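1. can't give you the sequence, but here's the structure:
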């Protein structure tokens, strides 16, 4: 297998793109693709201040690396969740994130959930109805709140996350199998800050396969945490990813064409505006100012008020 | 496992409905469910003349049985496709269909594709570009044409087919994985005759699982052809059915909630009218009068003209 660009030995074959590349040309190709999607979906420009949500995993660290190489002003935000029971998951991912930032002289903001709100994520989960069975809902709620808060407080123009194609396709499959009109109407590579208190969000890797991201981190020599969050075992998103991996195995490109077909159908206006009923009824939380779907305190502030 | 109605021994457990039934009550329940969907989706009424497309399989013969028991005026239409190469598929399904009709004194109209158009389906396929690899596209085109033609010529109010939930969910999964707006906008339990030359179509079994239909045919003692069409091996629809069966196995009810969620999202108006671009541009074929998406002869008449 030879590189389609230089004819040297290829290190990766991407059947879905009918493309094989050597290390050098793959490390050029992936940032160029990312730049293409940043422009195509009008995510942000060279003058924008960008906050990258970094978890210590391959996707977010590679994304931060790529954005810096592309010349963007990108700072990092690491949220310490305090998940250190079975394995030192949070401690190790924080160490790797800090190492990544300091080696490159990058700005990293760290928010420790326990210091800030009095409880780790597993601690919050054990004390709330929402987290009774699994802390994932509590964790998602908390991360969304903190990411949005920090980006607003520090005046960033956009918050970016490392969601890759596999993540986005799995979310889409879940939203489709359950036909949730609001979620389908909202899913998009960039989410506008179209409500007071909401920061602009973008997912520059949304069209890049997970295995391409893993290859990028490996070839670029980025040290990242290999372990998945111990609470992700048996999650719906892993189940949907497995379904899509089987489909991709049987029909190379199926995962990409599922997600791209959806984006194209949306661009052609497949969904009615009333498919997203929630958007009209967002209120500002009287405590934090972030949008919430029902009047009064938002779900995050309600939860936190119980701990203090 | 006991019948939820009479406490006798149950013969079928339907986890998705949290319901177990004995033979007697299952044979009552399934037609009652069918009647409920006929009314809910306004498919047809007691005064309507119904043409049932019967293939000799469990779904269409059971549907014919159910419609007669429910008191509808339902005649049968059998289309002989001439698929008798590896196994006597067409010959045997015709024999079973004729036996079913004569035992019950029902009216059965038979159209033999070769007698009428000069070629069997495999013969047509081998002589056309459309059928080069597989005769399925030619077969679908031909069946749709004949069903519509006979229903119009003989003045039926509605044409009904035996598509069950597994069929509809597999079609929906295919349309979703490929995001075909027009197909998504059109899929529904009943298709109105909203264009000249088009007959009203309905699928009364669209919410009944395939295994419920198999159980019905078995318990009712209906003799049907067990073999699948030899050309269906490796088809997309079988692939999608397997995906959904795996999902259903892991989460009982997932298949039904996928299809039902879609119907409900459509009822709430998730799709825009322009999602179905073809519907505005249908023309009448100058030869057969049936609608076609491009001006001039329809795809079926074009194909047939080559054989004569």
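-> Thanks, I have the structure now. Remember, predicted model here, so these are calculated numbers, not experimental data.
2. paired strands for the biggest strand by length in chain A, with orientation please.
-> Identified as the longest strand of chain A according to DSSP state E is strand A:73-80. The strands beside strand A:73-80 in its sheet (DSSP bridges) come out as strand A:49-54 (parallel), strand A:108-112 (parallel).
3. of those, which is nearest residue B:285?
-> With Cβ to Cβ, the closest approach to residue B:285 among those belongs to strand A:49-54: 57.2 Å. To be clear about C-beta, it is placed using only N, CA and C from the backbone, and glycine gets the same treatment.
4. need the next SSE after that closest one, C-terminal direction.
-> Per DSSP states H and E, strand A:49-54 leads on to helix A:58-69 as the next helix or strand towards the C-terminus.
5. excluding its own residues, what touches that following helix? List them.
-> A:30-31, A:34, A:50, A:52-54, A:74, A:76, A:96-97, A:100, A:104, A:106, A:160-164, A:167, A:204-205, A:210, A:213-214, A:216-217, A:220, A:222, A:224 (Cβ atoms under 8 Å, 6 or more residues apart in numbering or on different chains).
6. wait, a helix at residue A:216?
-> Yes: counting by DSSP: H, G, I helix; E, B strand; the rest coil, residue A:216 is found in a helix.
7. quick one: mean pLDDT for the helix or strand hosting residue A:24?
-> Assigned by DSSP H and E, residue A:24 falls within helix A:23-40. Helix A:23-40 comes out with an average pLDDT of 98.
8. list the buried residues for it?
-> When burial is assessed from 16 or more other Cβ atoms under 10 Å in any protein chain shown, helix A:23-40 yields the following buried residues: A:23, A:25, A:26, A:27, A:29, A:30, A:31, A:33, A:34, A:35, A:37, A:38.
9. also stretch A:79-86?
-> In stretch A:79-86, counting by 16+ other Cβ under 10 Å, buried: A:79, A:80, A:81, A:82, A:83, A:84.
10. now those residues as JSON lines including pLDDT?
-> Compiled in JSON lines, those are given as follows (pLDDT from 0 to 100):
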{"residue": "A:79", "pLDDT": "98"}
{"residue": "A:80", "pLDDT": "97"}
{"residue": "A:81", "pLDDT": "96"}
{"residue": "A:82", "pLDDT": "95"}
{"residue": "A:83", "pLDDT": "95"}
{"residue": "A:84", "pLDDT": "91"}
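11. now, which of the residues you listed sits nearest chain B?
-> The closest of these to chain B turns out to be residue A:83 (Cβ to the nearest Cβ; 26.4 Å).
12. reduced to three states, what does that closest one come out as?
-> At residue A:83 the chain is in coil, as set by three-state DSSP.
13. so it sits against residue A:94, correct?
-> No: counting by Cβ atoms under 8 Å, residue A:83 stays clear of residue A:94, with 10.8 Å between them.
14. enumerate the residues of chain A near chain B.
-> By Cβ under 8 Å from any Cβ of the partner chain, the part of chain A that sits against chain B consists of A:176-181, A:184-185, A:239, A:243, A:246-247, A:250, A:254, A:257-258, A:261-262, A:264-265, A:268-272, A:274-275.
15. buried subset of the residues you listed, written for PyMOL?
-> Typed into PyMOL, the next command selects the buried ones out of the residues of chain A next to chain B (criterion: 16+ other Cβ under 10 Å):
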select buried, chain A and resi 176+177+178+179+180+181+184+185+239+243+247+254+257+258+261+262+265+270+271+272+275
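16. in strands only, show me the residues of chain A next to chain B.
-> Per DSSP E, the subset of those in strands is empty.
17. which parts of chain A are helices?
-> A:23-40, A:58-69, A:89-104, A:113-117, A:121-126, A:136-153, A:165-177, A:181-186, A:210-220, A:236-250, A:254-267, A:299-305 (DSSP state H).
18. which of those has the lowest average pLDDT?
-> When I compare the helices of chain A, helix A:181-186 is least confident, with a mean of 88.
19. show me what that one is packed up against.
-> When contacts are defined as 3 or more Cβ pairs under 8 Å, 6 or more residues apart in numbering or on different chains; DSSP states H and E, helix A:181-186 sits against helix A:165-177.
20. what's the angle from the helix it packs on to helix B:165-177?
-> Going by axes from the mean of the first three to the mean of the last three Cα atoms, to 10 degrees, helix A:165-177 is angled at 140 degrees with respect to helix B:165-177.
21. what's in contact with helix A:165-177?
-> A:59, A:183-184, A:187, A:203, A:205-210, A:236-237, A:240-241, A:243-245, A:255-256, A:258-259, A:262, B:176, B:247, B:254, B:257-258, B:261.
22. pick out the residue of the stretch 1-150 of chain A closest to chain B.
-> Counting by Cβ to the nearest Cβ, the stretch 1-150 of chain A gets nearest chain B through residue A:16, at 14.3 Å.
23. how many residues are close by that residue?
-> Neighbour count of residue A:16, defined by other Cβ atoms under 10 Å in any protein chain shown: 17.
24. any idea how far residue A:19 is from the closest residue to it other than its chain neighbours?
-> With sequence-adjacent residues excluded and distances taken as Cβ to Cβ, 6 or more residues apart in numbering or on different chains, residue A:16 is closest to residue A:253, at 3.8 Å. Residue A:253 sits 11 Å away from residue A:19, going by Cβ to Cβ, to the nearest Å.
25. ok, residue A:110 next?
-> 38 Å.
26. what do you get for residue A:165?
-> Residue A:165 is 15 Å from residue A:19, where distance means Cβ to Cβ.
27. ok, now residue A:268?
-> Residue A:268 is 27 Å from residue A:19, by Cβ to Cβ.
28. one more: residue A:218?
-> As judged by Cβ to Cβ, residue A:218 and residue A:19 stand 18 Å apart.
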